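Undergrad: Mind folding the following:
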Amino acid sequence: MSLVVFEHYGEIDAPVGTTVLAAAQRLHAPEGYACGGVCACSTCHVHVVEGAELLSEVGDDENDILDKAFDVRASSRLGCQARLEREGRVVVAITRESLEAYENEHAEARGRYTRRQVS
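TA: Numbering: from 1, shown residues only. All right, here's what the predicted structure looks like:
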């Protein structure tokens, strides 16, 4: 098992093979996924703060989609593509773009998460 920590939103144990997005969904962390997690949008964009070496490599499709995202950094990943490959601790920050997408997808969540909480 790996520990996936979502800054400001909690943490969850997840088995190797789990994506960051799937871990967020199990935790009910506000990570967007407008395309359903099939690498067709950038709404699950996160910044990996710690543990990037425990995740799968960035593929060409992921790089292409990240080109469309906002506030892309060297630590940027798409939660639907970043898969846990080894046990350990991974810390991610959900981007403002992803939080906004989540709130658009889940009207009942609007106002529950403040943008100040996002790195």
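Undergrad: and the gap between the residue most central in space within the chain and Gly111?
TA: Centroid-nearest residue in the chain, with CA atoms, centre = their mean: Gly79, separated by 3.7 Å. Note on Gly79: its distance to Gly111, by CB to CB, to the nearest Å, is 23 Å. Glycine gets a C-beta too; all of them are placed from N, C-alpha and C.
Undergrad: what do you get for Gly36?
TA: Counting by CB to CB - Gly36 and Gly111 are separated by 24 Å.
Undergrad: between those two, which one's more packed in?
TA: Taking other CB atoms under 10 Å, Gly36 and Gly111 do not tie; Gly36 has more neighbours (10 against 7).
Undergrad: Now the more buried one. Its backbone dihedrals?
TA: phi 80, psi 10 (degrees, to the nearest 10).
Undergrad: Please apply the same query to Arg96.
TA: Dihedral angles for Arg96 - degrees, to the nearest 10 - are phi -60, psi -40.
Undergrad: Measure how buried it is and give me the count.
TA: 14.
Undergrad: who are the neighbours in contact with the residue nearest to Gly32 when sequence neighbours are not counted?
TA: Spatial nearest neighbour of Gly32, excluding adjacent residues (CB to CB, 6 or more residues apart in numbering): Ala101 at 2.8 Å. Counting by CB atoms under 8 Å, 6 or more residues apart in numbering, Ala101 touches 32-34, 41, 43-44.
Undergrad: Alright, that wraps it up for me.
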